[in-house]
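Student: got a structure for you, letters missing:
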């Protein structure tokens, strides 16, 4: 008794990234995607960066890394207060963003935000300073 065994092979067409290979099978006119992000180079604002493809505001920072992708004047917000660093007078202080009177004290902490000659002082700090000066004079 002879048993007949039939073996079927399926041939797969494998692209080895030759020059004629189309990396973007959904677009017959485009064959190059340098960074491998699935967006052809001609439509990719960052053809060498797989993490970025668009720059909506045209500021040179990709939308993924841009805290303000629709504002060409801003890209970062260091303190996370929602105000871009370029417009934030206190870019490292999330509790302050403006200094209307330009006295170096943020409007939120300034008792006189429209008067650069007046500032809010910490009375306790002032008293401690006076106390130290008085103690210094007494010990002399």
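Tutor: Sure, I can see it. A quick note: this is a predicted structure, and the numbers were derived from the prediction, not measured.
Student: The protein: helices as residue ranges?
Tutor: For the chain, the helices defined by DSSP state H cover 123-139.
Student: which intervals of it have sub-threshold pLDDT?
Tutor: Along the chain, the model assigns pLDDT under 70 to residues 1-30, 119-123, 125-126, 133-140.
Student: Would you map the strands across it?
Tutor: Remark: strands of the chain are absent; assignment by DSSP state E.
Student: my guess is residue 105 contacts residue 93, does it?
Tutor: No: taking C-beta atoms under 8 Å as the definition, residue 105 is not a contact partner of residue 93, at 11.2 Å. Quick note: C-beta positions are derived from backbone N, CA and C, even for glycine.
Student: what about the two, which has more around it?
Tutor: For residue 105 versus residue 93, the count of surrounding residues by other C-beta atoms under 10 Å is larger for residue 105: 20 against 15.
Student: Roughly how far does that one sit from residue 49?
Tutor: Separation of residue 105 from residue 49 (C-beta to C-beta, to the nearest Å) stands at 41 Å.
Student: just residue 106 next, same as before
Tutor: As judged by C-beta to C-beta, residue 106 and residue 49 stand 37 Å apart.
Student: same question, residue 55
Tutor: With distances taken as C-beta to C-beta, residue 55 is found 11 Å from residue 49.
Student: Between the two, tell me which one has more neighbours.
Tutor: Applying other C-beta under 10 Å to residue 55 and residue 49 shows that residue 55 carries more neighbours, namely 18 against 15.
Student: Not counting its neighbours along the chain, what's nearest residue 85?
Tutor: residue 91 (4.2 Å; C-beta to C-beta, 6 or more residues apart in numbering).
Student: let me fix that: residue 102
Tutor: Residue 102 sits nearest to residue 116 (C-beta to C-beta, 6+ apart), 5.6 Å away.
Student: For that neighbour, the count of nearby residues, please.
Tutor: Neighbour number of residue 116 under other C-beta under 10 Å is 15.
Student: just checking, it touches residue 105?
Tutor: No: counting by C-beta under 8 Å, residue 116 does not reach residue 105; the two are 9.2 Å apart.
Student: All set, thanks.
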